Every structure is written in C-alpha cells, then in structure tokens.
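Undergrad: Fold the following and give me the result.
(one chain, ligands or ions: 1)
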Amino acid sequence: MAFENYEVWFVTGAQLLYGGDAVTSVDAHSNEIVKGLNDSGNLPVKIIYKGTVNTAREVTAAFKAANNEDKCIGVITWMHTFSPAKMWIHGLQELKKPLLHFHTQFNKEIPWETMDMDFMNLNQSAHGDREFGHMVTRMRKNRKVVVGHWKEEKAQSKIAIWMRVSAGWADAQDMLIIRFGDQMNNVAVTDGDKVEAEIRLGYHVDYYPIANLVATINEVTEIEVSALVAIYKKEYSVNDEQKNDAHFNRQVIEAAKTEIGLRRFLEEKGAKAFTTNFDDLAGIDQLPGLACQRLMAEGYGFGAEGDWKTASLYRTMWFMGQGMEKGCSFLEDYTLNFDGEKSAILQAHMLEVCPLIAEHKPKLEVHPLGIGGKNDPARLVFTSKEGPGIAATIIDMGNRFRLIVNKVNCIKSKDLPKLPVASSLWIPEPNFEVGAAAWILAGGTHHTSFSYDLTVEYLEDYAEIAGIEMVVIDNETTLREFKKELRMNEVYYLLNKSLS
Ligand code: MN
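TA: Here you go, the predicted model:
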C-alpha cells in the first residue's frame, strides 16, 4: 500500500518504417507486456503504458509529460523495433525522472520454424535496444539497464528494486530535515555542504532552536501522555522492579511527553527527518531516547549529534524497504571485539537504536546517562536479529558526495547488564580487518544507516539516480584493489566536474 500513489511510465520505442500493421502489433505487444508485469504481483509500483513513440517530437512530449506528472517516479523504455536514436536526443535532454532501460523481447524463444522477414521487421529489440543504449551512453545519462524476459521473475525483481529506489528518490525530493541544535562541535564527518546536498540529493536541511520544540512539548496534555504510556506498557516489557517505581514512571511520562511534542513539531513543519544534539537540550527533561527510537520505527529519518546526512539516508532506506520484514536502524560503531575470525563490531548508541531490528520484544527501561547532564532517560533495550544486512553512509569529500556500503553479518550478541542500550553485533565483509580498514580508507562515518532487507543493488540504483560516487565493501574486496578504486575515482570525479 505504501507505493500506491506512485506510477512508473512505460514508453516503447519504434519507428514508422514498417507500416501500419507493425504499429498496431507494437502497441498490442506493449500493452500485453505492461499488463503481464502489473499482474505478476512482483512489482510494488503500477506501470502505466504511455504508448509507442515513433518520432523525436513524440519522445520529447512523452518525457516532458513524465517530468510534469508528480505521480510518475520513473520511466521504463523498451525498443520493440529499431528506433533510430537521434530521435531520442531532445527527449533525453529533457528527462528529469529516473530511467530504466528494459532490454527484453516480446517473444521468449526464437520461433525457428515460422520466423520470416515480417517477424524480423517487428521484433528487433536485440539491435533496437543497443541503438537506444548507445545514445543514453553518448549523452552520459545515468540509468539502470535490466536484461531478461519480461515474464521472468529475475528481471521483474530487478525492476522492483529500481521502483522502490525511485520511490525513495521521489520522497527525498521534498524531504525536510530539521536539526535541533547544530552538529556536535568540532565533529567533521557528520558535517557537509547542505547546499550541494539539496542540489544533488534533493532534500532540504533546516535548523530550529530547541526552545521551539520545548514550547510544543509543554503544550502536550496529560490525557495524551497517559494514552501513550498505556501503549508503551502494551508494546514493551517492563520489569517488576521498575513497574512500581515512582522515578521510573516519572521518567517514562516525561519521555512520552517529549515523543508527542516532537512528533507534533515534525508534523507541523512537514519534516521527514530530524537530528538532535545532546549538548543542546535546554528545557528538555532527558535526552530523547525512546522518542527517537519510536519515530525511527515510524519512518522518520534520524541522525544523532546533528548528523543530517545519516538522518536523510535512514529515511530513504526506510522508505525503500516499506513492507519488508526485518527492519532498519541508525547505528554507531560502538566498540570492538577482537576474537580471531569472529572479530566483530558492537553497534549501538547512547539510546537511539530503532526497535524494528529487535530480535525480541524490547524492554522499556530508565537508567542514568553519564553525559549531557540531564535526567535519566527512558529507552528501549534489546539485541538485534541475526543475519546479513548492509551498512551505508554518505560523506562529503569536498568536491562530491561518496556513498559507502558495507555488507555485514549480524551475529548473536550478548546481554550488556551494565550498559542498558539496544545493540547489534556484526562482522563486516570480507572480514573485520579488511572491512574496517576499507571503511576507514574510504573516509566512512562512525554513524551508519543499516538495513536487513535492502541489498547492495538498492543503493547502487540510488547512487546511479543521484549521480554520486559509490564504493562497496564486500567479500570481493581486497585492500590493494580498493585503494586503487579510491584513487581512480578521485581522477574520475575531477574530470567529471570539468565535463559537466
Ligand atoms: Mn553518535
């Protein structure tokens, strides 16, 4: 249901050389392909067939219309007959929406016995798609190329990934991120060029004084608070010792008040993501832990210590993964566990870890926090599920943004009786030594946006649409090659800058 307001347009390329019968067949086949894709049940966004384009004027009209239709989050092109690619130049110059080039064919197998020249005049994807592809490459336009028969699940699943990413991209184009407080002083990696981010990635970052939020929190009523506290007690387990403890209950009430106020503030401003800074909490009872955890689970992007890049990336990754089962979270590389082959990194934060990744029902607890000088914060405590996932971050290299993605494997964690925070424990691919070294060489943050559900392909599609650098650390990674890639990219982006 999450993507029901979006659509993807399907535009078929052909030309008028082959006569009226061919035009009719191209149209009928395109309709059948689009219907087949929509009926497959494998695509999260519905496809609308926008007709066959036979001339430059028709291409340009179709792509201009796609730009102007808010519901349209991307365009799929496919060449049924040969479609001379000069006719695509002006249209491609116009196109602002993500592009997927589907290299498919109406018939699955060659009809060896019956194939004649009429058949060949109609079914020309094999060479028609290459002619089109040449022009897209010649014009340096980013796109995803999917190769496969349209009835095959493998090809459909690649389209599905691109659709989810395109939806995330559309969502980011009117994303407002609110920062309460600035970056944590002197921290470099969480900072960056917010103007360039808006130009390149679409989202807008604003600042609001914490006093404005405090005013909204102070308007929250007791009735609202007790309703939310009742939800907490249903959704989370509370141990008997704390259940009747006056201090615990007071702190949970304050946390609920903060959550309601924070959500209201974000709703009123139309924000999809936010950041906090524990140095800037004047007027708030406690560091908002529980509120951040619950808002993240609802899809609000979150970054701690003013980290707006991670907040935006979390929102986008949550958005792409809607309806998927295993979850995502903001995380921080917390502390290392050297243990030979099983060397791993504990992932946690002071409080703000998203409960979507919890293995079991989270425990609601209140404990002192030795930082920030505020009252004891409420938080959800849990360990994460086991299994593979991806950790991602975007850094500002000064002349470009770099997306860094590391495949990681979450392993069984242990309880932390003296450190009551939510956590995960993972081994980065290809192993701890190489994975962590590559991440550091790439300049990656200590904060990440993590997902069990998304694969590297999602972020590859995202980087392609955004036109930003991406480096992947996985089982194929060796440090020697990785360092070469970083150096080559340095040259590529310098040249690319002067070309554009
Ligand atoms: Mn942090």
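Undergrad: what's the neighbour count on residue 447?
TA: 24 (other CB atoms under 10 Å). From N, CA and C alone the C-beta is placed, and that goes for glycine too.
Undergrad: for residue 132, that is, sorry about that
TA: Residue 132: 24 neighbours (other CB under 10 Å).
Undergrad: same deal with residue 289?
TA: Residue 289: 26 neighbours (other CB under 10 Å).
Undergrad: now do residue 168
TA: Neighbour number of residue 168 under other CB under 10 Å is 25.
Undergrad: Per-residue pLDDT of it, please?
TA: At residue 168, the pLDDT value in this model is 98.
Undergrad: Contact partners for the closest residue to residue 213 other than its chain neighbours?
TA: Excluding the flanking residues, the one nearest residue 213 by CB to CB, 6 or more residues apart in numbering is residue 265, at 5.3 Å. Listed by CB atoms under 8 Å, 6 or more residues apart in numbering, the contact set of residue 265 reads 178, 208, 212-213, 216, 271.
Undergrad: what do you get for residue 201?
TA: 172, 312, 394, 401, 466, 468.
Undergrad: Next to the ion in this structure, residues from the stretch 251-400 of the chain, please.
TA: Taking CB under 5 Å from the ion, the part of the stretch 251-400 of the chain that reaches the ion is made up of 304-305, 332.
Undergrad: Now, the residues you listed that are in strands?
TA: Those of those mapping onto strands are residue 332, per DSSP state E.
Undergrad: picking up where we left off before, output the contacts of residue 265 in TSV; the columns should cover secondary structure.
TA: Converted to TSV, the contacts of residue 265 look like this (DSSP: H, G, I helix; E, B strand; the rest coil):
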residue	secondary structure
178	strand
208	strand
212	helix
213	helix
216	helix
271	coil
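Undergrad: Just the buried ones from these?
TA: Those of the contacts of residue 265 that meet the buried threshold are 178, 213, 216, 271, by 16 or more other CB atoms under 10 Å.
Undergrad: Go through those residues and name the one nearest residue 416.
TA: For those, the residue nearest residue 416 by CB to CB is residue 213; the value is 30.3 Å.
Undergrad: confidence score at the closest one?
TA: Reading off the confidence values, residue 213 has pLDDT 97.
Undergrad: can I assume it is in contact with residue 260?
TA: No. Counting by CB atoms under 8 Å, residue 213 stays clear of residue 260, with 11.6 Å between them.
Undergrad: if we can go back for a sec, now the residues of the stretch 251-400 of the chain next to the ion as CSV including neighbour count and pLDDT?
TA: As requested, these are exported to CSV (neighbours: other CB atoms under 10 Å; pLDDT from 0 to 100):
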residue, neighbour count, pLDDT
304, 22, 96
305, 23, 96
332, 22, 98
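Undergrad: Can you show me the helices along the stretch 1-150 of the chain?
TA: 20-39, 56-68, 89-94, 117-122, 125-138 (DSSP state H, counting those that start in this stretch).
Undergrad: Now for residue 372, how many residues are close by?
TA: A count of nearby residues for residue 372, using other CB under 10 Å, gives 16.
Undergrad: Looking at the contacts of residue 201, which are in helices?
TA: Judged by DSSP state H, the subset of the contacts of residue 201 located in helices is 172, 312, 466.
Undergrad: Out of those, which is nearest to the ion?
TA: Proximity of the ones in helices among the contacts of residue 201 to the ion (CB to the ion) peaks at residue 312, which lies at 15.9 Å.
Undergrad: In contact with the nearest residue to the closest one once chain neighbours are set aside, which residues?
TA: The shortest distance from residue 312 to any non-neighbouring residue, by CB to CB, 6+ apart, is to residue 203 (5.0 Å). By CB under 8 Å, 6+ apart, residue 203 lies in contact with 172-173, 175-177, 197, 273, 312.
Undergrad: roughly how far apart are residue 203 and residue 161?
TA: Distance of residue 203 to residue 161, given as CB to CB, to the nearest Å: 21 Å.
Undergrad: residues from this protein in reach of the ion?
TA: Residues of the chain found near the ion (CB under 5 Å from the ion) are 304-305, 332.
Undergrad: and if we set it to 6 Å?
TA: Counting by CB under 6 Å from the ion, the positions of the chain adjacent to the ion are 304-305, 332, 349, 447.
Undergrad: quick one: the residue sitting furthest away from the middle of the chain and residue 25, what's the gap?
TA: Most distant residue from the mean C-alpha position of the chain: residue 113, 47.9 Å away (CA atoms, centre = their mean). Residue 113 sits at a distance of 20 Å from residue 25 (criterion: CB to CB).
Undergrad: for the helix or strand containing residue 481, packing partners?
TA: Secondary structure assigned from DSSP states H and E places residue 481 in helix 479-499. Helices and strands touching helix 479-499, by 3 or more CB pairs under 8 Å, 6 or more residues apart in numbering; DSSP states H and E, are helix 432-442, strand 469-473.
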